[in-house]
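J.: Need the 3D shape of this:
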Amino acid sequence: MTAHGKAKFCLGQIVGTPDALEAISDSGQIPAFFLDRHAQGDWGEVCHEDWQLNDAALVDGSRILSAYRTLKDVKIWIITDAADDDGHRASTCVLLPQNY
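T.: Numbers count the residues shown, from 1 in each chain. Model (predicted):
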């Protein structure tokens, strides 16, 4: 369960790149705001095809990518790794696109 609703999948271990965490902090926001949206299935600013792929990933266990903008208009990505053979997702990373 996230702070604002029910999570659709487990995030696993949460990590973030220093650049992304700094961009979020500089905007006066916190990573949990974006992680909650991601976990609830609000994929943010991804194209229609990526939105559909993310929705399918909830069923097939593939990788999930969300894209958001901070209040200072810095784009961040959140990527949750594909599930393992047991359906568990190991990790989620908060990063800037250029860190990918």
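J.: What's the separation between the spatially most central residue of the chain and Asp85?
T.: Taking C-alpha atoms, centre = their mean, the centroid of the chain lies closest to Ile78, which sits 3.0 Å from it. Distance from Ile78 to Asp85, counting by C-beta to C-beta, to the nearest Å: 24 Å. Placement of C-beta: from N, CA and C, glycine included.
J.: again with Ser66
T.: On the measure of C-beta to C-beta, Ser66 and Asp85 end up 24 Å apart.
J.: More neighbours: those two, which one.
T.: Ser66 (25 against 6; other C-beta atoms under 10 Å).
J.: Name the residues that touch whichever strand or helix holds the more buried one?
T.: For Ser66, the element it lies in under DSSP states H and E is strand 64-69. Contacts to strand 64-69, defined as C-beta atoms under 8 Å, 6 or more residues apart in numbering, come from residues 9, 34, 37-38, 42-46, 50, 54, 57-58, 75-80, 97.
J.: Tell me which stretches of this protein form helices.
T.: Ranges of helices in the chain, per DSSP state H, are 18-26, 31-39, 48-60.
J.: In the second one, which of the residues would be classed as buried?
T.: If you call a residue buried by 16 or more other C-beta atoms under 10 Å, then helix 31-39 has these buried ones: Pro31, Phe34, Leu35, Asp36, Arg37, His38, Ala39.
J.: re the thing from before, was I right to think the residue nearest to the centre of the chain contacts His38?
T.: Yes. Applying C-beta atoms under 8 Å, one finds Ile78 in contact with His38, separated by 4.5 Å.
J.: shared neighbours, these two?
T.: Common neighbours of Ile78 and His38 (criterion: C-beta under 8 Å, 6+ apart): Ser66, Thr92.
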